[in-house]
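Colleague: Based on what follows, work out the 3D shape:
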Amino acid sequence: MSARVLVVDDIPVNVRLLEAKLSAEYFDVVTAGSGAEALAAVAAQAPDIILLDVMMPEMDGFEVCRRLKGDAKTSHIPVVMVTALSDSADRVRGLEAGADDFLTKPVNDLALFARVRSLVRLKTVMDEWRLREETCGEFDLLGMGGATAADEGGNADILLIESPGPTAERMVETLTRLGNRVRVASRSADALDLSRDSRFDLLVVSLSLNGEDGLRLCSQLRSQEETRQVPILLVVEDFDTPRLVKGFDIGANDYLIRPVDQNELVARARTQIRRRRYQDRLRSNYQRSLSLALTDSLTGLYNRRYTIRHLEGLLQRRTDSGKPVSVLLFDIDHFKSVNDTHGHAAGDEVLKTIAQRASANLRTTDMVARFGGEEFVVVMADTSLDLATMIAERIRERIAAEPIVWAGGPEGLTVSVSIGVAMANDEDGGPDDLLRRADTAMYRAKAAGRNRVEVDRAGASPEAGRARAASR
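Modeller: Next up is the predicted model:
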C-alpha cells in the first residue's frame, strides 16, 4: 500500500536517511525541517501519515502534534513520533499529545514500515467513513450533527487476554481504576467464547499466553464478525520485532512492550477506545442517514443522488492527493426480455441478486449503487484503471456463473452484464464527464456482443456514443 509520508526533522541527515528508506518501499515522501514548516506542509497538501521528530527548536514535536490533533481538519492524520528520547514518561507525553505511536531511535526498519502501513490502512478506512458522513451532512440528513473525536476513553468494556500472575493483576487494577469494566481470559478458547457472547471496546492480547500462539488468536479475532472492528492492543516482549510486525500485518492496532508501564497502558488504551467510539459514531450516523434518503428501496444499494455527491467528494480528494479514482458502469443484458417473459416480480429478483453478487465481489472501501433502472455503478477510490478492469472482469464472471432462481420462476435464469470502465483524469469537469466515459465504454461492450468489459483509455469517441441506441 503506497502513501504520502511527511518526514519532519531539523537534522538534514536524519531526513535524508528516512526519505531514502521510505522511498525504497515505494512511499511518496515529502519533508519539513521545522514544526512551522510541517504545519504549512500539512495545510498545503495533507499527507497520509506524519513521522515527527520531538527535539526541534522553536516548536517541538509535542506542540506540533497537539496543534495537528486540535484541528478538526488534520486530527485524523496519524502521527508517529520518531525520536532519540527513550524514557517511558516521554512516550506517555507523546501519546497524550495525540501521537499514534512513539518510536525510539535507532528504529527497526521492519517495525517502522509495518507501523506505517498499519496506520495508513486504518486512515484509509476512517477517511472513507468520514467522507460518507460529509456526503450525508451535505444533504442535511444527520440532524444531530456529525461525530466528534472528543472522548475521554473511559467507561469501556475491555477483554484482557493474559496469563495469570502479577502483570495481569496490575493491568486489571490500572484499567478498572479508570472506570472500565475488565474481563480476563487466560486461554484462547475462553477469549473467543467471551468475545462472541459480549461486546468489547478493546481487546488487550498477550503474545505470551500460556504457551499458546497469540498471533493465531489475533487472526481468529479479526476473522469473526463480533470482533472484526474491535481494536487490538498487543502485549509483546522487548526485541520481539518479527512477531510485532506480523501482528500489525494480521490487523493489530497498537502494542505495549514488557515490562508494561501502567501510564503507557492507560494512554494507549484511551487512544484505541476513543478511536473505536469515533468510528462507531461515524458508522451509526452514516447508517441512520442512509435509511432516510440515500438508498434504493429494492436492492438496498446507494442511489443515484448519493453516488453523484460521493463521487464529487472523491474527485476533489483526487485533486488534492493525486490518487486515482475509477468507476464501473454496468447494465443487465436483455433485461427488458426478463420483464416481458417472466413479469416484473422476476425482474425485481434479478435486480436484487445482481446487487448482491456485485457487492460480494468488491472491497470494503468500494461503493456500489443502483444508478437507475437496470443500470449500476461502482465507485473505487485509490484504484488504477488496470485494477478496476480486473475487478470488473471478476464481477462479470461471478454474475454470469450461476443461474438466478426464485420462487415460482423457471429452474434457473442465466443473466449477464456489460461493463464499462473509466478512470478520472484532469480533463473531467466532474462526475458527469467521468460517468459519461464509462457509459460509452459500456455501450461498446454491448455492441461487441454483451457479457464483456470495455475500458475507456482515450476518452469517449463520437462513434462509440452513436452506438448507444442500437446496443440496448
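Colleague: Run through the residues that contact the residue positioned nearest the centre of the chain.
Modeller: Centroid-nearest residue in the chain, with C-alpha atoms, centre = their mean: Val125, separated by 1.7 Å. Neighbour list for Val125: Gln279, Thr364, Thr365 [criterion: C-beta atoms under 8 Å, 6 or more residues apart in numbering]. Where C-beta positions appear, they are placed from N, C-alpha and C, glycine not excepted.
Colleague: can you check Thr167 too?
Modeller: Thr167 neighbours (C-beta under 8 Å, 6+ apart): Arg258, Pro259, Val260.
Colleague: Weed out the non-buried ones from those.
Modeller: Buried subset of the contacts of Thr167 (neighbour count, 16 or more other C-beta atoms under 10 Å): Val260.
Colleague: Let me have the contacts of Thr167 in TSV, adding secondary structure and pLDDT as columns.
Modeller: Formatted as TSV, the contacts of Thr167 follow (DSSP: H, G, I helix; E, B strand; the rest coil; pLDDT from 0 to 100):
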residue	secondary structure	pLDDT
Arg258	coil	93
Pro259	coil	92
Val260	coil	94
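Colleague: Quick one, which of the contacts of Val125 are buried?
Modeller: Using 16+ other C-beta under 10 Å as the burial test, these include Gln279 as buried.
Colleague: Give the pairing partners of the helix or strand hosting Val80; include direction for each.
Modeller: Taking DSSP states H and E as the criterion, Val80 maps to strand 79-83. Here strand 79-83 is paired, per DSSP bridges, with strand 49-52 (parallel), strand 101-104 (parallel).
Colleague: So what touches it?
Modeller: In this structure, residues lying in contact with strand 79-83 by C-beta under 8 Å, 6+ apart are 9, 18, 49-55, 61, 65, 68-69, 90, 94, 98-105, 107, 112, 115-116, 119.
Colleague: go on, stretch 337-349?
Modeller: With contact meaning C-beta under 8 Å, 6+ apart, stretch 337-349 is reached by Leu298, Ile332, Phe335, Val350, Ile404, Trp406, Gly409, Pro410, Leu413, Val415.
Colleague: Buried residues in it, which are they?
Modeller: Of the residues in stretch 337-349, Val338, His342, Ala346, Gly347, Glu349 count as buried by neighbour count, 16+ other C-beta under 10 Å.
Colleague: Ends of that stretch, what's the gap?
Modeller: Stretch 337-349 has an end-to-end distance of 14 Å (C-alpha to C-alpha, to the nearest Å).
Colleague: sorry, back to before: what is the nearest of the contacts of Thr167 to Leu207?
Modeller: Relative to Leu207, the closest of the contacts of Thr167 is Arg258; by C-beta to C-beta it sits at 9.7 Å.
Colleague: Unless I misread the structure, Ser219 falls within a helix.
Modeller: Yes. Under DSSP: H, G, I helix; E, B strand; the rest coil, Ser219 falls within a helix.
Colleague: can you pull the contacts of it?
Modeller: So Ser219 contacts Ile250, Gly251 (C-beta under 8 Å, 6+ apart).
Colleague: Equivalent analysis for Arg93, please.
Modeller: Phe62.
Colleague: how about 10 Å then?
Modeller: Arg93 sits next to Val54, Phe62, Cys65, Met81, Leu85, Asp87, Ala99, Phe102, Asn263, Ala267 when contact means C-beta atoms under 10 Å, 6 or more residues apart in numbering.
Colleague: Look at it and tell me its secondary structure.
Modeller: Secondary structure assignment for Arg93 (three-state DSSP): helix.
Colleague: thinking again about what came up before, next step: the contacts of Val125 restricted to helices.
Modeller: Of these, the ones assigned to helices by DSSP state H are Gln279.
Colleague: Would you mind reformatting the contacts of Val125 (as TSV) and adding columns for pLDDT while you're at it?
Modeller: As requested, the contacts of Val125 are exported to TSV (pLDDT from 0 to 100):
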residue	pLDDT
Gln279	86
Thr364	85
Thr365	87
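Colleague: I'd say Arg309 and Ala293 touch.
Modeller: No. With contact defined as C-beta atoms under 10 Å, Arg309 and Ala293 do not form a contacting pair (11.3 Å).
Colleague: if you count what's nearby, which of those two comes out ahead?
Modeller: Legend: neighbour count by other C-beta atoms under 10 Å for Arg309 and Ala293, higher for Arg309 (17 against 13).
Colleague: In a helix, that one, correct?
Modeller: Yes. Membership of Arg309 in a helix is supported by three-state DSSP.
Colleague: Leaving out the residues flanking it, which one is nearest to it?
Modeller: Setting aside the residues directly before and after it, Arg309 is nearest to Thr135 in space (C-beta to C-beta, 6 or more residues apart in numbering), at 4.9 Å.
Colleague: what do you get for Val184?
Modeller: Take Val184 and drop its neighbours on the chain: the residue closest to it by C-beta to C-beta, 6+ apart is Leu160, 4.9 Å away.
Colleague: Could you give the number of residues near the nearest residue to Leu413 once chain neighbours are set aside?
Modeller: With C-beta to C-beta, 6+ apart as the criterion, Leu413 has its nearest non-adjacent residue at 4.9 Å, and that residue is Ile404. Neighbourhood size, Ile404 [other C-beta under 10 Å]: 19.
Colleague: got it, and Arg196?
Modeller: 11.
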